[in-house]
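Peer 1: When you get a sec, could you give me coordinates for this:
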Amino acid sequence: MLHTAASEAGTIRTSRIIERVPFFYGWVVLAACTFGQIMTSPGQTYAISIFIEHFIADLGISRSVVSSFYAVGTLLGSFALPFVGRQVDRRSPRLMVGIIAGLFGVACIYMSFVQAGWMLLIGFVAVRMLGQGSLGLVSTYVINQWWMRRRGMMNGIAGVATALLGVGMFPNLINWLIPQVGWRMTYVILGLALLCVMTPLGMLLYRERPERYGLRPDGGRAAKPVATAVAAGNAPAAAKDSQASHVTDTDHKEENWTPSEAVRTAAFWIIVLGMASLSMLSTGLTFHMVGIFADNALSTDAAAAVFVPIAFTSAIFNLASGILIDRMPVRFLLATALLLQVLALVMAQALTGVAVAILYGAVLGGLMGLQRTINTVALATYFGRLHLGSITGISSTVMVASSALGPLPMGLARDLLGEYNLALNLLALLPFALAVVSFFMRRPTKQAAAA
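Peer 2: Here you go, the predicted model:
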């Protein structure tokens, strides 16, 4: 049943777990949702990239075909995210994370049965939609509901753990598992971890916004209960208007924008297109990590190992930018991330040794850390929590769809021209142009939007 402002106003729920925790439950939310973000890894490019050579060898298909399937699968998977975002707004996050994590586990197990290209395409649709898209969306959503004043720092902490245990651990874990048990059984192990660990943990610990339990974001007791969500078109207009913006107990005025209002602002599209560019190009570089390293006379082990500096640098940048984003304009962080992307595309053409490869990994990690902070914090800060799932669903569709485009031009360039360089040089123009545009971005206000 959809939650409405009318039905929930003045209602406070009880929870034995929340009542028994001797500290603010937001810390439990942070830990559980961070684990959820780490467990998106089987659907992330940095993990899938380790399987690419095995897909090519075992299924007898070319690199460009795998790249094409990955692009189409990611694109098709992204179309579900607006629906997922709306459901996260309207239904319990516990229900949503249970459904998403359970289906994600099944999708990973399905990958172990792939025998042909068309089966691989279906698998890509599932793991990208459920892992990179949906599980990441609901986990970030719940953190942003429980934290406001320290939202950037909390997402930074989550990003550190995700970088170290996700980006840093999973590629090397997969690279170790495959020689031991084979790539198919590796997928079974990943699927069982999602089914047996992530699904029950998420259903036990994920919770709706703190006002539902008589609490307030960042800790303390709420002065009065606040409705969890308004289902568009299902609540009285007066109820919607009364929650368009309100002053919270953190003494911070939170403006809650509807999705239709948010998409009419320049800031929304500058952020989303900037994130889309970073998602597309970093996905392309990560997807072709082994191939790029091979063209530079570096081994597969070196390609897997470079995820360690990526992880550490990403963690450092994520935490630092998480602190800074609460204190400085988003546009500066966005422009810095885009310029680092330009640098990474240039460096990928000349990895002359291990030391340069490590530096390349550090640059990639830096832009990924900045990207994650902006992606998890900016929209919640600019457009409020009330319709955050729906707004994030729209932005996630654009970003996940854009990530579908990254591997394809690089794969085609490698197959047709014998090298990645031309594609890398041309693609570098996009983040450079967006970096210039981002310097002119300003935080939107409803007064300005109405003028």
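
Peer 1: so how far is Pro409 from Ile292?
Peer 2: Applying C-beta to C-beta, to the nearest Å, the value for Ile292 to Pro409 is 14 Å. Glycine gets a C-beta too; all of them are placed from N, C-alpha and C.

Peer 1: likewise Leu173?
Peer 2: Counting by C-beta to C-beta, the gap from Leu173 to Pro409 is 30 Å.

Peer 1: ditto for Pro431
Peer 2: Between Pro431 and Pro409 the distance is 14 Å, computed by C-beta to C-beta.

Peer 1: More neighbours: which of these two?
Peer 2: Between Pro431 and Pro409, counting by other C-beta atoms under 10 Å, Pro431 is the more crowded of the two (27 against 20).

Peer 1: For the more buried one, pull up the helix or strand it's in.
Peer 2: According to DSSP states H and E, Pro431 maps onto helix 429-438.

Peer 1: In space, what's closest to the residue minimising distance to the centre of the chain - neighbours in sequence excluded?
Peer 2: Nearest residue to the geometric centre of the chain (C-alpha atoms, centre = their mean): Gly136, 5.0 Å. In space, and not counting its chain neighbours, Gly136 is closest to Thr40: 4.7 Å by C-beta to C-beta, 6 or more residues apart in numbering.

Peer 1: So Val354 is in contact with Leu298, correct?
Peer 2: Yes - proximity of Val354 to Leu298 meets the contact threshold set by C-beta atoms under 8 Å, at 7.4 Å.

Peer 1: what about Pro22, how many residues close to it?
Peer 2: Neighbour tally, Pro22, other C-beta under 10 Å: 4.

Peer 1: ok now do it, which residues does it touch?
Peer 2: Not one residue lies near Pro22 by C-beta atoms under 8 Å, 6 or more residues apart in numbering.

Peer 1: Let's verify it: helix, strand, or coil?
Peer 2: Three-state assignment for Pro22 (DSSP: H, G, I helix; E, B strand; the rest coil): coil.

Peer 1: Phi and psi next, for it.
Peer 2: The phi and psi values for Pro22, taken as degrees, to the nearest 10, are phi -80, psi 10.

Peer 1: Within the helices and strands, which one has the residue nearest to the centre of the chain?
Peer 2: Taking DSSP H and E as the criterion, the element that holds Gly136 is helix 136-146.

Peer 1: Next SSE downstream of that helix?
Peer 2: Immediately after helix 136-146, counting by DSSP H and E, sits helix 151-162.

Peer 1: which helices and strands sit right next to that next one?
Peer 2: helix 26-38, helix 136-146, helix 307-324, helix 354-383 (3 or more C-beta pairs under 8 Å, 6 or more residues apart in numbering; DSSP states H and E).

Peer 1: Please put the alpha-carbon coordinates of the second one into PDB.
Peer 2: C-alpha atoms of helix 136-146 as PDB (Å, rounded to 0.1, in the frame of the first residue of the first chain):
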ATOM      1  CA  GLY A 136      23.200   1.100  -4.800                       C
ATOM      2  CA  LEU A 137      20.100   3.400  -5.200                       C
ATOM      3  CA  VAL A 138      18.200   2.000  -2.200                       C
ATOM      4  CA  SER A 139      21.400   1.900   0.000                       C
ATOM      5  CA  THR A 140      22.300   5.500  -0.700                       C
ATOM      6  CA  TYR A 141      18.700   6.600  -0.300                       C
ATOM      7  CA  VAL A 142      18.500   5.200   3.300                       C
ATOM      8  CA  ILE A 143      21.700   6.900   4.400                       C
ATOM      9  CA  ASN A 144      20.500  10.200   3.000                       C
ATOM     10  CA  GLN A 145      17.200   9.900   4.900                       C
ATOM     11  CA  TRP A 146      19.000   9.500   8.300                       C
END
